[in-house]
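K.L.:
what would the 3D arrangement of this be:
(one chain, ligands or ions: 2)
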Amino acid sequence: MKLSLDQLSAISEQHAFEVDGRWWESQAPMPSRLPGRVLEPFRVEIEAHEMGEQVHLEGSLTGTLEFECGRCLASYGERIGEGFRLVLEPAGSRLPADPEAAAALERDGLCLGDDFEMGWYRGFEIQLDAFCREVISLALPVKPLCGEDCAGLCARCGADLNQGGCPCAQARPDSPFAVLAALRDSPEGAK
Ligand SMILES: [Zn+2]
Ligand SMILES: [Zn+2]
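P.N.:
Ligands and ions are numbered 1, 2, ... in the order given. Sure, this is the predicted structure:
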């Protein structure tokens, strides 16, 4: 996903990219694995213009990843949708203090500041892959859930409680122990 800077003007122009699962897998810093499997390709839409020496980018990123539900362990698709805004200044002869940012500037012609909305560019072309990976990472669910009201698995027999009750609950529905177990097993809070 490369963006030519020398063709930008003061008038915003739309740029669009689409990347699939192979791209997402190639973004994993070895040997770790990225979460999720791409079910629907990521689409990146960017409005870009220049203002003086600054480059302004505003856009959105959408796609669907497959996760495993933290309660019932079923696979489900979750749509990732994230907007972003980025103002880039020419790095000139400046070097970022952070070695990772310095490496990114060298590699991608682009590095981000601390607040993720400001950055520096160098050269006539910026490589957006690392930036998009960051945007996706920020949008990933901390605690993947197939649904807010997922009932999860029975702690005793392992049955998927979304599919209906299990023998354990039916056996002693009103026992105080069942109530306590339900409380104990209910996952605390949302993601
Ligand atoms: Zn679930
Ligand atoms: Zn059960």
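K.L.:
quick one: residue 121 and residue 86 touch, right?
P.N.:
No: with contact defined as Cβ atoms under 8 Å, residue 121 does not count as touching residue 86 (9.8 Å). To be clear about C-beta, it is placed using only N, CA and C from the backbone, and glycine gets the same treatment.
K.L.:
so where's the protein uncertain?
P.N.:
Scanning the chain for pLDDT under 70 picks out the ranges 30-32, 169-191.
K.L.:
go ahead and flag the most central residue of it.
P.N.:
residue 136 (2.4 Å; Cα atoms, centre = their mean).
K.L.:
name the element residue 35 belongs to?
P.N.:
Using DSSP states H and E, residue 35 sits in no helix or strand.
K.L.:
give me the nearest residue to it, chain neighbours excluded.
P.N.:
Distances taken as Cβ to Cβ, 6 or more residues apart in numbering put residue 140 closest to residue 35, at 6.1 Å, once the chain neighbours are dropped.
K.L.:
likewise for residue 73?
P.N.:
Here the residue nearest residue 73, using Cβ to Cβ, 6+ apart, is residue 153, at 6.8 Å.
K.L.:
correct me if wrong: the residue nearest to the centre of the chain contacts residue 42.
P.N.:
Yes: assessed by Cβ under 8 Å, residue 136 is found in contact with residue 42 at 7.0 Å.
K.L.:
helices along this structure, start to end?
P.N.:
With DSSP state H as the criterion, the chain has helices at 21-26, 99-108, 129-139, 167-171, 176-185.
K.L.:
can you spell out the domain ranges of this structure, please?
P.N.:
2-139, 151-191 (automatic domain parsing).
K.L.:
and stretch 143-161, which residues are buried?
P.N.:
144, 145, 146, 150, 151, 152, 153, 154, 159, 160, 161 (16 or more other Cβ atoms under 10 Å).
K.L.:
so which of these is the closest to ligand 2?
P.N.:
Here the nearest of the buried residues of stretch 143-161 to ligand 2, counting by Cβ to the ion, is residue 154; it sits at 3.0 Å.
K.L.:
list the contacts for the residue nearest to the closest one when sequence neighbours are not counted?
P.N.:
Leaving aside its sequence neighbours, residue 154 sits nearest to residue 166 (Cβ to Cβ, 6+ apart; 4.6 Å). Residue 166 is in contact with 154, 156, 157, 159, counting by Cβ atoms under 8 Å, 6 or more residues apart in numbering.
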